[in-house]
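1. For reference, the sequence and a predicted model appear below.
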Amino acid sequence: MRRSLLVAVAALAVSVPPVLAKDCRDLPVPETVQSMVFDFVAKNGTSEDTYAVAAMGNETILLGTDLKPMSADALATVIKGDPKFRTVDRVMLEWPFSARGDAPFARELEALLGKPVSGYPGPVWWYADGTLIAARGENGKEAGPEALDVIACATSDGELLEGAACQTVFATHKTQSKYFANAPYDLSCDQINRFEILSDEGDPKATLRLLLYHRFFNRDDDAENKYSSRPH
């Protein structure tokens, strides 16, 4: 069972490159998506052996409530200040890609806290009742994960499960309302194409939104390098 800390659900909007046009949304992300994700996350339960941090981010960044990066040192200070932390065995970073690759943010936090820090290597979806389902992969497609891609989950009452143990949870939630945890960084097909054109013309705001999309939603390393090399 887990104890949970809702650190942040931040907002910004972003996009998909033309090469992925067949996978992008036909309509823009609803303006209410940030509050909806926040609501879904807030419904997740608590437990006794794991301190959960629900937020938005990736393997290098946690986004704070001011929409700016929150350092591992700052998060460690918040966690250590919570009496619940003293009784748990580990910390779980419940946002997409928090354990991707070398997971530098998680490893730094682990050194600061002196307790194991875990996360998810791929995308994470939140469901309306507070259930989390994590999958293998590199993006947060609107349709959600396929059964064979599910690798872990957290039930609304805080139970952490892995692998086959999540299939029943997935089956009962497959058709329910859900959001990819970094959903505010998604864009519609039209937005993607428009920002691509504007970025090519030198628009720094368009470049930033495409860069954030690839950092938090699509995880295309080549595209991230492309847009990070342009003024933004």
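-> All right, it came through fine.
2. so what's Phe216 up against?
-> Val14, Met56, Gly57, Asn58, Pro96, Asn182, Tyr185 (CB atoms under 8 Å, 6 or more residues apart in numbering). Backbone N, C-alpha and C define where each C-beta goes, glycine included.
3. want to throw the residues you listed into TSV with distance to Lys174, pLDDT and secondary structure?
-> What follows is those, written out as TSV (distance: CB to CB, whole Å; pLDDT from 0 to 100; DSSP: H, G, I helix; E, B strand; the rest coil):
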residue	distance to Lys174	pLDDT	secondary structure
Val14	26	33	coil
Met56	24	88	coil
Gly57	26	93	strand
Asn58	26	96	coil
Pro96	19	95	coil
Asn182	21	90	coil
Tyr185	24	89	helix
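4. and of the residues you listed, the nearest to Pro30?
-> Proximity of those to Pro30, judged by CB to CB, is greatest for Tyr185, which lies at 13.7 Å.
5. quick one: that closest one and Leu211 touch, right?
-> No - using CB atoms under 8 Å, Tyr185 is not in contact with Leu211; the gap is 10.2 Å.
6. More neighbours: which of those two?
-> Just comparing Tyr185 and Leu211: by other CB atoms under 10 Å the higher neighbour count belongs to Tyr185, 27 against 22.
7. From Met56, how far out is that one?
-> From Tyr185 across to Met56, the span is 8 Å (CB to CB, to the nearest Å).
8. for the record, mean pLDDT for the host helix or strand of Val78?
-> Using DSSP states H and E, Val78 sits in helix 72-80. The average of the pLDDT scores along helix 72-80 is 96.
9. Please name the strands paired to the next helix or strand after it in the sheet, noting orientation.
-> Next helix or strand after helix 72-80 toward the C-terminus (DSSP H and E): strand 90-94. Sheet pairing of strand 90-94 (DSSP bridges) gives strand 50-54 (parallel), strand 117-118 (parallel).
10. now the angle from strand 90-94 to helix 72-80?
-> Relative orientation of strand 90-94 versus helix 72-80 (axes from the mean of the first three to the mean of the last three CA atoms, to 10 degrees): 120 degrees.
11. show me where pLDDT drops low in the protein?
-> For the chain, the stretches with pLDDT under 70 are 1-23, 65-67.
12. Compute the number of surrounding residues for Glu110.
-> Going by other CB under 10 Å, the residues that sit close to Glu110 add up to 18.
13. Over to the one 3 residues further on?
-> When neighbours are defined as other CB under 10 Å, Leu113 has 18 of them.
14. can I assume it is in contact with Ile79?
-> Yes - between Leu113 and Ile79 a contact is recorded at 6.4 Å, counting by CB under 8 Å.
15. overlap in contacts of those two?
-> Common neighbours of Leu113 and Ile79, counting by CB under 8 Å, 6+ apart, are Phe85, Val91.
16. ok, now which ones touch Ala181?
-> For Ala181, the contact set (CB under 8 Å, 6+ apart) comprises Val37, Val41, Met56, Glu94, Trp95, Pro96, Pro123, Val124, Trp125, Trp126, Gly140.
17. residue contacts, the first one?
-> Put plainly, it is Val37. Neighbours of Val37 in contact, by CB under 8 Å, 6+ apart: Val9, Met56, Trp126, Tyr179, Ala181, Ala183, Pro184.
18. Would you list the phi and psi of it?
-> With angles defined as degrees, to the nearest 10, Val37 sits at phi -60, psi -40.
19. Quick one: neighbours of the spatially closest residue to Arg25 that is not a sequence neighbour, just the number.
-> Leaving aside its sequence neighbours, Arg25 sits nearest to Ser188 (CB to CB, 6 or more residues apart in numbering; 4.6 Å). Ser188 has 17 neighbouring residues, counting by other CB under 10 Å.
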